[in-house]
Every structure is written in C-alpha cells, then in structure tokens.
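Undergrad: Structure for the following, please:
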Amino acid sequence: MITNFFIPELNNHDVQELWFQQDGATCHTARATIDLLKDTFGDCLISRFGPVNWPPRSCDLTPLDYFLWGYVKSLVYADKPQTLDHLEDNIRRVIADIRPQMLEKVIENWTSRLDCIRASRGSYMPEIIFKM
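TA: Purely as a prediction, here's the structure:
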C-alpha cells in the first residue's frame, strides 16, 4: 500500500514539509517498512525504530486514533456490509461525508489535549476531558 498507493499519491501533491507518523504496532515496524519510510521521509518520520520515537501510550495524542477511526468504523459497519464492494462503498461515503466543521472541532479538541500534555509535562492526566 505504501509503495503502490501512498507514495505515488504524495508525489501528485505539492507538499513542502511533511511528517509521517505511525504507531508502534509490530506489523507497522518491519525492517523493510521502516527502511522505506526513512528513505522517503528522512528525519520527518515518527515511528518506533524511526528517527523520532513514537511517544509511549500516545493514542490520545492523535485525532486519527482518538476520534476518526472509531467514528468512521461505527458508520461503515452500521448496515453490516456483506461484500467487499459494499464495504468499500461505505468507506468512501463516510469519508466523503465528513464536513470541515467536524474536523475543526476535532483539531480544537486536539490542541486542548496538547495544552494539557504540556501543562502536565507529559505525565498521566486522569482529568483530561474527552469531548466532541
């Protein structure tokens, strides 16, 4: 997927500075994958075994993890797709229906999370408020 879709798609866009971040899942950190990502993104790679280490227990740091994947999944599977085509159609529809206003709220929530992290100097934050 990275070599056949993602990197060619990136080359179709005029991106000046780009950071690539992936979680520390073992399946995402195979040596060949990390080598490919290092070659592509250099020092702008946030990953386990990358130049910038993935922060431990950081799932709440990224909007993709704390919001988007769960939101998309809940809608994609709402009608229990039975075929791959149906599943793909649902994914495309759900992604296309995401409005800029929703993403603005997600980013506002994310920046408030970052403020809490900065204030706590990275320590555990049981009082963090999860809102949408």
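Undergrad: give me phi/psi at D43?
TA: Backbone torsions for D43, taken as degrees, to the nearest 10, come to phi -80, psi 0.
Undergrad: For Q22, see how far away the nearest residue to it once chain neighbours are set aside is.
TA: The shortest distance from D43 to any residue other than its chain neighbours is 4.8 Å, reached at P51 (Cβ to Cβ, 6 or more residues apart in numbering). Where you see a C-beta, it was placed from the backbone N, CA and C, and this is true even at glycine. Distance of P51 to Q22, given as Cβ to Cβ, to the nearest Å: 13 Å.
Undergrad: These two: which has the busier surroundings?
TA: Q22 (17 against 13; other Cβ atoms under 10 Å).
Undergrad: Test my guess that that one contacts A30.
TA: No. Using Cβ atoms under 8 Å as the test, Q22 is too far from A30 to be in contact (11.4 Å).
Undergrad: which residue ranges form the strands in this structure?
TA: 20-21, 45-46 (DSSP state E).
Undergrad: among the ones you listed, which is nearest R121?
TA: strand 45-46 (19.6 Å; Cβ to Cβ).
Undergrad: Tally up the residues packed near D89, please.
TA: 13.
Undergrad: looking at the strands of the chain, which is buried most?
TA: Of all the strands of the chain, strand 45-46 has the most neighbours on average by mean count of other Cβ atoms under 10 Å, namely a mean of 20.
Undergrad: For that strand, name the packing helices and strands.
TA: strand 20-21 (3 or more Cβ pairs under 8 Å, 6 or more residues apart in numbering; DSSP states H and E).
Undergrad: what mean pLDDT would you report for the strand it packs on?
TA: In this model, strand 20-21 has an average pLDDT of 83.
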